[in-house]
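# could you look at this predicted model? Sequence included:
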Amino acid sequence: MGLEGLLGKASYIDAVLLALIIVALIVVLLRRKETKRVGEMTREITALQKQLNDLQEQFKQGSESLKEALKEVLFDKTRGLAQRVTELSKNMTEIRHRNEAMIAEVEGRVDPLKASFNESVGKLDASHDAMRKMIWDTSAEVKRLTSRLNAFTQEVKKMKEFVRERSIDLEL
Amino acid sequence: MRESAVATIIFADLMDSTEMAKNLTLHEYDEMLVDFQGTLFEVVSDHLKQYGYTGNGVDAEWSVVGDELRVFLYSNGMRYDVRNAMLIATKVKLAWLTSEFNQRILREGRLVSRVGVGINCGDVIKGVREWRVRMGQEQSNVEGYAINLTKRIESASREGTSYQIMVGDSLYRVSKENKHLNVAFSKPRSLVFKGLGQKIPVYEVVSFVNFEILPSMPDSLQKGLVDKMEYAVARPMSEPWIFITLLRHYISLLASGKDSKIEAKAIKLAQQALEAVDYKAPIHNMLAWLYGYGKTMRNLEMAFFHLDQALGIDPTNRAALLHRARILDEMGQVDLARHAYEEVLVHDHEHREARRKVAEYIAR
C-alpha cells in the first residue's frame, strides 16, 4: 500500500495528530536554539566580568603608585620651600635688628632736635594765637567800624532825604 | 524842686463829646473813649520817643484825662517844641480820623468825630508836690497862666473851619519867625474868654505842609493809612487838612521816585482840594510843583498859571515867587527870571539860590 493508500485511509484525527507532532518538533528545535544562545551570552558576561575585575585591579594599583609619586614630588617641593622660608625669616630678623639699632641711633640724635622743634612749634603756636587774636580783634574792630560806617551812611542818607524833603516843604 | 520853664502846651479833645455821651449808650461811649485814649497814647508816646524827648518831667510830659489830652514840651528849644507840637496835633487828628471808630462812621456815611486842638507857648512852673510823693506819685505838676489860656484857645477850635487847630499869639509869633516851618494861619480872631477879662487874639492853622506827618506815624497805625485817607477825602465834607497832608505825601513819593505813577492822581486830588480848602495858596503851589517838576504831566504853562493864582492870594508867598523864577529861567526868559529872583531876595535877602542866580545874570 502506497502513500496514496495511506492518505486515502487517514482520518481527520490523524491529520491533527500529525500537525501537533510537527508543531512540537518545531518548538523543540526553537527551544534548543534559544538555550544555545543563552549559554553563549552567559559565557560572554562571565568573560566581561573577569575583564572588569582585571581593570579595577589595574586602576587600584595605578592609583596607589600615583599617590606615592605625588607624595614624593610634594615633599621634595615643600622641603625646598620651607628651607627658603626659614632663610627669609632669618634675613628678616637680621634686618629688623639692624633697623632697631638704626632707629635707636637716629632717635638718639633726633630727640634734642625734636625737643627744640617742639619748643619752636610752641612758640610759633603762641605767636600764631597772638596773631590770630590780633587779627580777630582787628577784624572785630573793622566789623564794628564797618557797621558804624554803614549806620553813618544810612544816617547821612536819611539826613539828605530830610534836607531834600524839608526844602520841598518850604517850596510849597 | 520847683522850676520855671518856657513850655509849648497842647490841649486836644473830642469835639461834641458831651452830645455824643448823650446820644450813645454808656457802652458805646466807653468804647469810643477807650479807642480815643489808646490812639492818643500810641501817637504821643511814639512821637516823643522818635523825636528824642526824655519825658517824665525832664523835657516833656503828657497826660490823658477822659477825652482830653495835655502835652507840655520844654526842651529849651522853643522852635523845636513848636514844630513838634504842630506835628503831634496833626498826627493826633490823623490817627483819630483813621481809627476803627471813625472808619466805621465813614462807612455809615455819617460825619466823623473830630479832634479840636489848642496850642500856645508860655511860662510855666513845674515841680513835684509833696502830697503826690506821699501818695506814691512822683509826676510833676505844671501850672501857669499859659495853661489856662491854652485850654481856652482849644475851646475855640470848634469855631474853626480848616484844621481846627487854634494857636495863641505867642505861638503865632514863634512860627512866623521860623523860616523852616511851612505853616499858615488865618487872620486873628479876637475872642473874650471866660475868666480872662480881655480880648485874646486866636489864629487857626489853615495850612501845615510837612513831610514828616505820615512817615512818623506809629508803626501800629501805618497799615492802610494812605488808603484810609484817600477814602476819607472822597467822602462829602471831608476836612481840608486831609487834602494838604495827603498831597504832601504824594509829592514825597514823586520826589523820591518811589511812585512815579501817581502824578495824575495827585493833580486830580489837588484840583478837588481847590474846591474844599479855603486857603488855596499851598494847593496852587502844589499844583505848580506837580506841573513844573512832574514827568508825565509836565506843563510849564499850567505851573505858571497856578503860581500866579498863589501870588494873587498872597503876593509875598516865597514858594510861589521862587518857582516862578525857576520856571522863567527854564523858559529862557532871562530878564523876567532875574526880576523874579530879585523879588525873592526882597522877602528873603539871604536866599542862596536867588543870590547865586542874580549874580549869574549880572555876570552875563
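Looks like it arrived, so ask away.

# so how far is A:Asp14 from A:Gly8?
As judged by CB to CB, to the nearest Å, A:Gly8 and A:Asp14 stand 12 Å apart. Glycine gets a C-beta too; all of them are placed from N, C-alpha and C.

# now the strands for chain A?
With DSSP state E, there are no strands along chain A.

# quick check: residues of it near chain B?
Contact residues (CB under 8 Å from any CB of the partner chain) of chain A with chain B: A:161, A:164-166, A:168-172.

# for the chain, longest helix please?
By default, I'm working from chain A. In chain A, with assignment by DSSP state H, the single longest helix is helix A:12-170.

# that answer is for a different chain, and I need it for chain B
helix B:26-50.

# what does it rub up against?
B:12, B:14, B:20-21, B:24, B:55, B:60, B:62, B:64, B:66-67, B:69, B:71, B:84, B:87-88, B:91-92, B:95-96, B:99-101, B:113, B:216-221 (CB atoms under 8 Å, 6 or more residues apart in numbering or on different chains).

# can you do 6 Å?
Outside of helix B:26-50, the residues within contact range by CB atoms under 6 Å, 6 or more residues apart in numbering or on different chains are B:21, B:55, B:60, B:62, B:64, B:67, B:69, B:88, B:91-92, B:95-96, B:99, B:101, B:216, B:218, B:220.

# among the residues you listed, which ones are in strands?
B:60, B:62, B:64, B:69.

# and the gap between the nearest residue to B:Thr39 once chain neighbours are set aside and A:Val28?
Excluding the flanking residues, the one nearest B:Thr39 by CB to CB, 6 or more residues apart in numbering or on different chains is B:Ala95, at 4.7 Å. Distance of B:Ala95 to A:Val28, computed by CB to CB: 147 Å.

# who's more crowded, the two?
B:Ala95 (24 against 10; other CB atoms under 10 Å in any protein chain shown).

# residue of the stretch 51-200 of chain B nearest chain A, please.
B:Asn182 (4.9 Å; CB to the nearest CB).

# quick check: bridge partners of that residue?
B:Val209 (DSSP bridges).

# ok, now which ones touch it?
Here B:Asn182 is in contact with A:169-170, B:209 (CB under 6 Å, 6+ apart).

# give me phi/psi at B:Gly122?
Main-chain dihedrals, B:Gly122, degrees, to the nearest 10: phi 170, psi 170.

# what's the burial count for the spatially closest residue to it that is not a sequence neighbour?
In space, and not counting its chain neighbours, B:Gly122 is closest to B:Ala146: 2.4 Å by CB to CB, 6+ apart. For B:Ala146, the count of nearby residues is 21 (other CB under 10 Å).

# got a list of what B:Ala146 touches?
B:9, B:120, B:122, B:124.

# go again using 10 Å as the cut-off
Neighbour list for B:Ala146: B:6-9, B:72, B:120-124, B:168, B:170 [criterion: CB atoms under 10 Å, 6 or more residues apart in numbering or on different chains].

# buried sites along stretch B:66-73?
For stretch B:66-73, the neighbour count (16 or more other CB atoms under 10 Å in any protein chain shown) marks B:67-73 as buried.

# can you give the domain ranges for chain B?
B:2-209, B:219-363 (automatic domain parsing).

# next, format those as CSV and append mean pLDDT.
Shown next, in CSV, are the domains of chain B (pLDDT from 0 to 100):
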stretch, mean pLDDT
domain B:2-209, 91
domain B:219-363, 92
